[in-house]
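Trainee: Compute the structure for the input listed below.
(chains A and B)
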Amino acid sequence: MNGTMVVTGAARGIGRAIAEKMASTGPLTVIGVDIAPELALSESIIPVQVDLTSIEGPGLVRKAVEASGSPLLGLVNNAGITRDARLVNLTDEDFAAVLEINLGAAYRLTSDLAPLMSDSGSIVNIASRAYLGNFGQFNYSMSKGGVVGMTRAMALSLAPHVRVNAVAPGLISSEMSMAIPEDIREKMVDSIPLDRMGTPDEIANTVWWLLTPLSSYITGEVIVVGGGRSLS
Amino acid sequence: MSGLVHWAVDVDEDWASVLAELTRAFEAARSVAQVEESIVYVVRQDDLLGRRGAGNAMVACGLLSAARTAALEGARKGWTANVVAFDEKERSVAEGWARRLLDDGSVNGELIRVGPGHIGKTLA
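Mentor: Residues are numbered from 1 along each chain as shown, chains lettered A, B, ... in the order given. Purely as a prediction, here's the structure:
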């Protein structure tokens, strides 16, 4: 494959693993997008520091894609946050912040970049196993359910030229999961049939598969990568 | 058991419209949860499959996921959260199913599909 790929939330965790996977595989131009001021990525990754919830955010990414001079083969919407609380205590601010970043930013960026996607391009949206429901995450769960809805609708509207799929990670070893109190995290791991947290690389591998022609007949699907947690 | 039936309204394809509807649904759920009452979201079957555009799909699928999470919280307090998805021809039946879910109280975190449109399609 020869072209450009974009991944958001590229500074750390799953997004970083995806960007590094892209950069290590084939002659690709990889654009890593993040709000973090320290975008310490591999030299082969073009950093774009931007707030994707800002009005000008998606346009700045679009400019970087156009400046790359090669067709846009892939987009991975990964940027996300959590602001957990039980529903009865969830504030308007925490609700809006999670929806704006996890869903609104992904939707606006995808709408902006879709016209640039090449034939046989692929979009992968990072949802979460929490789209099936997760205690204390009304806002996060709603945002990731929204990502699933966006995935299905865009799979229909962008077919047959562009495929759109979602990956729903379970408990992954990252900054986000390390913020969970250790005793709760251990209980969560106990409920995972594969008996461990996943790694960012395992999500990156699944995303990469969806970005490439290896998955050329798959669109509109949600792939849960959660060690079997959805069964236990 | 008492509670609220919340019908998702159609939205435009712009984000502001989507966020406004999701916020309306959040405020409805929070208000009934605070008094330990139940909620049923009612959405269109087509929107769970993304057939009427991204805006409506984000709302419908977002409400389904939110209801599943609310159901986990309600289970500890004795209230429920469910979703009814209807085919257009079955719209009038959806309200009855929603009321039944509120009155019954034994069904929680479920998606009830009214009409055959979902058969052979992806599980939500």
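
Trainee: shaky segments in chain B?
Mentor: Within chain B, the ranges that satisfy pLDDT under 70 run B:1.

Trainee: ok so residue A:205 is a strand residue?
Mentor: No: counting by DSSP: H, G, I helix; E, B strand; the rest coil, residue A:205 falls outside a strand, being helix.

Trainee: The helix or strand that contains residue A:6 near chain B anywhere?
Mentor: Take DSSP states H and E as the rule and residue A:6 turns out to sit in strand A:3-8. No: on the criterion CB under 8 Å from any CB of the partner chain, strand A:3-8 is out of touch with chain B, staying 15.7 Å away. Backbone N, C-alpha and C define where each C-beta goes, glycine included.

Trainee: Put the alpha carbons of that strand into PDB.
Mentor: Provided in PDB are the C-alpha atoms of strand A:3-8 (Å, rounded to 0.1, in the frame of the first residue of the first chain):
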ATOM      1  CA  GLY A   3      -0.600   6.500   0.500                       C
ATOM      2  CA  THR A   4      -1.500   8.400   3.700                       C
ATOM      3  CA  MET A   5      -3.100   7.200   6.900                       C
ATOM      4  CA  VAL A   6      -4.400   9.300   9.800                       C
ATOM      5  CA  VAL A   7      -4.800   8.300  13.400                       C
ATOM      6  CA  THR A   8      -6.200  10.500  16.200                       C
END
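
Trainee: Need the contact partners of it.
Mentor: A:15, A:18-19, A:22, A:28-34, A:52, A:61, A:64-65, A:68, A:70-79, A:105-106, A:109, A:113, A:118, A:211 (CB atoms under 8 Å, 6 or more residues apart in numbering or on different chains).

Trainee: Quick check: the gap between the residue of chain A most remote from its centre and residue B:87.
Mentor: What lies farthest from the middle of chain A is residue A:88; by CA atoms, centre = their mean that is 28.1 Å. Distance of residue A:88 to residue B:87, given as CB to CB, to the nearest Å: 34 Å.

Trainee: and the residue farthest from the centre of chain A, what does it touch?
Mentor: Residue A:88 makes contacts with B:30, B:33, B:34, B:73, as judged by CB under 8 Å, 6+ apart.

Trainee: is it fair to say it lies in a helix?
Mentor: Yes: checked against three-state DSSP, residue A:88 lies within a helix.

Trainee: So for residue 13, what's the nearest residue that isn't a sequence neighbour?
Mentor: All of this is about chain A. residue A:174 (3.7 Å; CB to CB, 6 or more residues apart in numbering or on different chains).

Trainee: The chain in question should be chain B.
Mentor: Leaving aside its sequence neighbours, residue B:13 sits nearest to residue B:55 (CB to CB, 6+ apart; 4.6 Å).

Trainee: Share the number of residues neighbouring that neighbour, please.
Mentor: 22 (other CB atoms under 10 Å in any protein chain shown).

Trainee: again with residue A:97
Mentor: Neighbours of residue A:97 under the rule other CB under 10 Å: 17.

Trainee: Got the confidence number for it?
Mentor: Residue A:97 carries a pLDDT value of 98.

Trainee: Run a quick check on residue B:116 versus residue B:87, I expect a contact.
Mentor: Yes: using CB atoms under 8 Å, residue B:116 is in contact with residue B:87, at 7.0 Å.

Trainee: Comparing these two, which shows the higher neighbour count?
Mentor: residue B:87 (17 against 11).

Trainee: Tally up the residues packed near residue A:67, please.
Mentor: Counted with other CB under 10 Å, the burial measure for residue A:67 works out to 11 neighbours.

Trainee: Would you mind finding the longest helix in chain B?
Mentor: Longest helix in chain B by number of residues (criterion: DSSP state H): helix B:54-75.

Trainee: Next secondary structure after that one?
Mentor: strand B:81-86.

Trainee: Residues in contact with that next one: which ones?
Mentor: With CB under 8 Å, 6+ apart as the test, strand B:81-86 has contacts from B:29, B:38-45, B:48, B:60, B:63-64, B:66-68, B:70-71, B:74, B:93-94, B:97-98, B:101, B:107-115, B:118, B:124.

Trainee: and if you look at stretch A:57-73?
Mentor: In contact with stretch A:57-73 (CB under 8 Å, 6+ apart) are residues A:1-6, A:28-29, A:31, A:33, A:46, A:48, A:50-52, A:105, A:108-109, A:111-113, A:116-118, A:120-122, A:211.

Trainee: residues of the lowest-mean-pLDDT helix or strand in chain A that come out buried?
Mentor: Confidence across the helices and strands of chain A bottoms out at helix A:175-178, with a mean of 84, counting by mean pLDDT, DSSP states H and E. Neighbour counts over helix A:175-178 (16 or more other CB atoms under 10 Å in any protein chain shown) mark A:176, A:177 as buried.

Trainee: now the helix or strand that that helix is followed by: mean pLDDT?
Mentor: Using DSSP H and E, the helix or strand that directly follows helix A:175-178 along the chain is helix A:182-190. Mean pLDDT, computed over helix A:182-190, is 93.

Trainee: and helix A:182-190, which residues are buried?
Mentor: Of all the residues in helix A:182-190, those buried under the rule 16+ other CB under 10 Å are A:185, A:189.

Trainee: does any bit of the helix ranked longest in chain A sit next to chain B?
Mentor: Determined from DSSP H, the single longest helix within chain A is helix A:138-158. Yes: using CB under 8 Å from any CB, helix A:138-158 reaches chain B at A:138-139, A:141-157.
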